[in-house]
Structure formats: C-alpha cells, structure tokens
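> no sequence for this one, just the structure:
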Ligand SMILES: *Cc1c(COP(=O)(O)O)cnc(C)c1O
C-alpha cells in the first residue's frame, strides 16, 4: 500500500501533465482531496504535504473533524460535496467554504436564509443530474438554466459553477461535455467534475475542481 503523501504527489504530477496535454493553464484544475470517512490523523499528513483544499460529504462528520484541523492549518479550505438537508443549511454555511450540491429550490431558500443570518457566503455550485438517475440528486440538465436564474433572482444567490457525478456504469466524458456546455451557456467559470477514476478526462473537458478521494487516501 502506498502512502497518502506518495499518492498526493503522483496525482499532482498527473494533473499537471493533463493540464499541459490538454492546453489548460497550469493550476487551473484544482485538486480537492476528498477526506470523507477518514479521521483527522489520516488527513494531517496530507495537510503537512501542502494540500489545502478538502472535500467532505457529511455535515456531522465535518463538524467533528475540521474545527480542530483548521486551528492547526488556518488556510485549509473545506468544500461540501455530499447531499445536503435543508435543516443543516446553517451548519453548512458556518463550516464550508463552498457547497457543490445545490440541487433543489427548497435548499436554495434555506441557504439564502442561512447566508443572511450567519454572514458567511460559501461559493455555490448547482449539481446537475447529467445521467437523469432517479437515485441521484441534481437538476435535470434541461432545467439548469431556469434553476440558476431562480437561484439568482428569487433567492439572491450567486452561483459559482456546476457540478456533476456521472453514472457509474457509463463512460464519463459525455457527461463532462454536457456540463461544460451548460456552464458556457450560463457564463459560469467553475466546473466541479472528475473523481479518482476519471479526473484526467474531466480536465480535458474543462474541470476546475477535481474531487479525488480513494486515489489519495485509499479505499473506504
Ligand atoms: C466520494 C466522492 C468523491 C471521491 O470519490 P473517489 O472515487 O474516492 O475519488 C468525489 N465526489 C463526490 C461527490 C463524492 O461523494
């Protein structure tokens, strides 16, 4: 088993290679280390190796791990990439620097209220269900324009970008391509796409945040 620090170095190198191969600017695809289910002791070496951007899936878990880690590493950034219940909007706005899973209007309303109340403004990504999978969160690609407009106009939210999780049993590139097309239509600059198995393909199609978990930390 290789160490998370070795894995991190290898993935950083392959992201840099993919950026160069696909004519992307160096550093334009940011690596998010997805640390869900891993304890603080497993995360600290990756922080010590210089990684500063992390992704978490569960509010309760992030609340237990990150306040302490952030005291030690004040410039660490933590993004929420898991499904978010509206009743956890206050906690999420307090804890996270970005939320990648804005996937319904009731959550937009809850986040808008939480942002006003708490006075913090995480970057928001609209999750798009590019594979139209019933078990998965996300806006229907055909409704993404209208949803983003309602987020802005009705709820006063500014949207940073789009996020997707392609169906596990399909080639990911058509989904990444669709997300890129939607982001161009909307004039959004950030694209959260690509995981351990497919981040290079996502970089080819414009990803600005690749979310890599198991390839760094090992299997969950
Ligand atoms: C867990 C998770 C990841 C990381 O997945 P790996 O395959 O371990 O890299 C990325 N994005 C989301 C939304 C996740 O839930």
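In hand now; what should we look at? This is a predicted model, so every value here is computed, not measured.
> show me what stretch 60-75 is in contact with.
35-37, 39-40, 43-44, 47, 52, 56, 76, 78, 80, 91, 95-96 (C-beta atoms under 8 Å, 6 or more residues apart in numbering). Heads up, the C-betas are built off the backbone N, CA and C, glycines and all.
> rerun at 6 Å
Identification of contacts with stretch 60-75 by C-beta atoms under 6 Å, 6 or more residues apart in numbering yields 40, 47, 52, 56, 76, 78, 95.
> and for stretch 201-216?
With C-beta under 6 Å, 6+ apart as the test, stretch 201-216 has contacts from 4, 7-8, 11, 18, 22, 29-34, 55, 81, 172-173, 176-177, 180, 190-196, 199.
> which among those residues end up buried?
Buried by 16 or more other C-beta atoms under 10 Å: 4, 7-8, 11, 18, 29-34, 55, 81, 172, 176, 180, 190-196, 199, out of the contacts of stretch 201-216.
> give me every residue in the chain lying close to the ligand.
34, 36, 57, 81-82, 165, 195-196, 211-215 (C-beta under 6 Å from any ligand atom).
> which SS class is residue 211?
strand (DSSP: H, G, I helix; E, B strand; the rest coil).
> related to what we said a few turns ago, between the contacts of stretch 60-75, which is nearest the ligand?
Proximity of the contacts of stretch 60-75 to the ligand (C-beta to the nearest ligand atom) peaks at residue 56, which lies at 9.3 Å.
> which strand or helix spans the closest residue to that closest one other than its chain neighbours?
Excluding its sequence neighbours, the residue lying closest to residue 56 (C-beta to C-beta, 6 or more residues apart in numbering) is residue 62, at 4.1 Å. Using DSSP states H and E, residue 62 sits in helix 59-72.
> just among the contacts of stretch 60-75, which is most surrounded?
Most neighbours among those, by other C-beta atoms under 10 Å: residue 56, with 24 neighbours.
> buried residues in stretch 150-170, which are they?
Under the neighbour-count criterion of 16+ other C-beta under 10 Å, stretch 150-170 has 151, 155, 157, 159-166 buried.
> let me fix that, I meant to ask about stretch 34-52.
Across stretch 34-52, burial judged by 16+ other C-beta under 10 Å covers 34-36, 38, 43, 46-47, 49, 51.
> kindly report the same for stretch 60-68.
Applying 16+ other C-beta under 10 Å to stretch 60-68 flags 61-62, 65-66 as buried.
> with stretch 199-214 instead?
199-213.
> touching, residue 57 and residue 82? I think so.
Yes. In this structure, residue 57 is within contact of residue 82 by C-beta atoms under 6 Å, at 3.0 Å.
> just for the protein, where's the confidence low?
Filtered on pLDDT under 70, the chain yields the residue ranges 1.
> skip ahead from the lengthiest helix in the chain and say which helix or strand is next.
Secondary structure of the chain per DSSP state H: the longest helix is helix 4-21. As assigned by DSSP H and E, the chain's next helix or strand after helix 4-21 is strand 30-34.
> perfect, I'm done here.
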